[in-house]
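Engineer: sequence isn't available, so here's the structure alone:
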């Protein structure tokens, strides 16, 4: 198993992409801290799936927009597994609205969780990551919206674009310690969030995808698992789109 002996924290791991990532890392041998903000029942379902796969995991509630909560999340990893090797910043919220109608709290809530939350967790984990002197992996879940923008998603696009800037800056700062930092930018992925969209909107979105289908959380998770493994040790500061060809640069 590619991640045997590693310890990973996955934020927003109660469902969707976060759950798939947590399960994939556990299947590769990593011990996983399953973070969730409010849906404890769903987080326990993730825990059960990891148990069924023969993996090790614990559940830890924390709102990543809260600095102290992120410190507690890292302490949970250290208390349960003794170290932290992999951070996956996946937690995110949406508050879609066009800018002309967007309320201040809709803007702030998205930035606080999707961007500041990633900074909070990285900062909280920095000391144990550096103390280990064995390298590490930070993987930020951005979005193709952060690359191309999206109507009614200025807050989400700004946060996800900011996450890309954070990724590149951290990659430069931490490269000398053999800690790689990369971003994954999913496109239209079949999750509970996209399932709730109007059928006409989903049809229009899929029509723009060259491969003609939605991606799956498991496909995103496999990319994250690769970036977390030793085989990806020479990849850092990159933004990898997994979008069926939706955004080609």
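Structural biologist: Yes, it's here. Worth saying up front: this structure is predicted, and the values here are computed from it rather than measured.

Engineer: just the strands in this structure please.
Structural biologist: 7-10, 31-36, 57-61, 86-89, 136-141, 179-186, 239-242 (DSSP state E).

Engineer: quick one: strands adjacent to the first one?
Structural biologist: Looking at strand 7-10 with DSSP bridges, its paired strands and their directions are strand 31-36 (parallel), strand 86-89 (parallel).

Engineer: hang on, the earlier thing: using TSV, lay out the strands of the chain together with distance to residue 166.
Structural biologist: Yep, even glycine has a C-beta here, placed from its N, CA and C like the rest. TSV is the format used below for these (distance: least, CB to CB, whole Å):
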stretch	distance to residue 166
strand 7-10	17
strand 31-36	18
strand 57-61	22
strand 86-89	9
strand 136-141	7
strand 179-186	8
strand 239-242	11
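
Engineer: show me the one of those strands that comes nearest residue 163.
Structural biologist: With CB to CB as the criterion, residue 163 lies closest to strand 136-141 of the strands of the chain, at 5.0 Å.

Engineer: can you put the strands paired with strand 7-10 in a markdown table and add mean pLDDT and mean neighbour count?
Structural biologist: A markdown table is the format used below for these (pLDDT from 0 to 100; neighbours: other CB atoms under 10 Å):
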| stretch | mean pLDDT | mean neighbour count |
| --- | --- | --- |
| strand 31-36 | 98 | 28 |
| strand 86-89 | 98 | 29 |
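
Engineer: helices along the chain, start to end?
Structural biologist: 16-27, 40-52, 67-81, 104-111, 117-132, 145-148, 154-174, 192-195, 199-207, 217-228 (DSSP state H).

Engineer: middle-most residue in the protein, spatially?
Structural biologist: residue 90 (2.2 Å; CA atoms, centre = their mean).

Engineer: tell me the contacts of it?
Structural biologist: When contacts are counted by CB atoms under 8 Å, 6 or more residues apart in numbering, residue 90 touches 10-13, 17-18, 21, 141.

Engineer: top of those residues by neighbour count?
Structural biologist: residue 10 (34 neighbours; other CB atoms under 10 Å).

Engineer: so who does that one touch?
Structural biologist: 18, 21-22, 25, 32-35, 88, 90.

Engineer: now with 10 Å?
Structural biologist: Residue 10 sits next to 17-26, 30, 32-36, 46, 57, 86-91, 139, 141, 221, 224 when contact means CB atoms under 10 Å, 6 or more residues apart in numbering.

Engineer: same check on residue 150?
Structural biologist: So residue 150 contacts 96, 143-144, 156-157, 160 (CB under 10 Å, 6+ apart).

Engineer: pipe those into a markdown table and attach neighbour count and distance to residue 63 per row.
Structural biologist: Below are those laid out as a markdown table (neighbours: other CB atoms under 10 Å; distance: CB to CB, whole Å):
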| residue | neighbour count | distance to residue 63 |
| --- | --- | --- |
| 96 | 14 | 21 |
| 143 | 27 | 21 |
| 144 | 21 | 26 |
| 156 | 23 | 18 |
| 157 | 20 | 22 |
| 160 | 26 | 19 |
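
Engineer: and the nearest residue to residue 230 once chain neighbours are set aside, how many neighbours?
Structural biologist: Computed as CB to CB, 6 or more residues apart in numbering, the closest residue to residue 230 that is not its neighbour in sequence is residue 2, at 7.0 Å. Applying other CB under 10 Å, we find 16 residues neighbouring residue 2.
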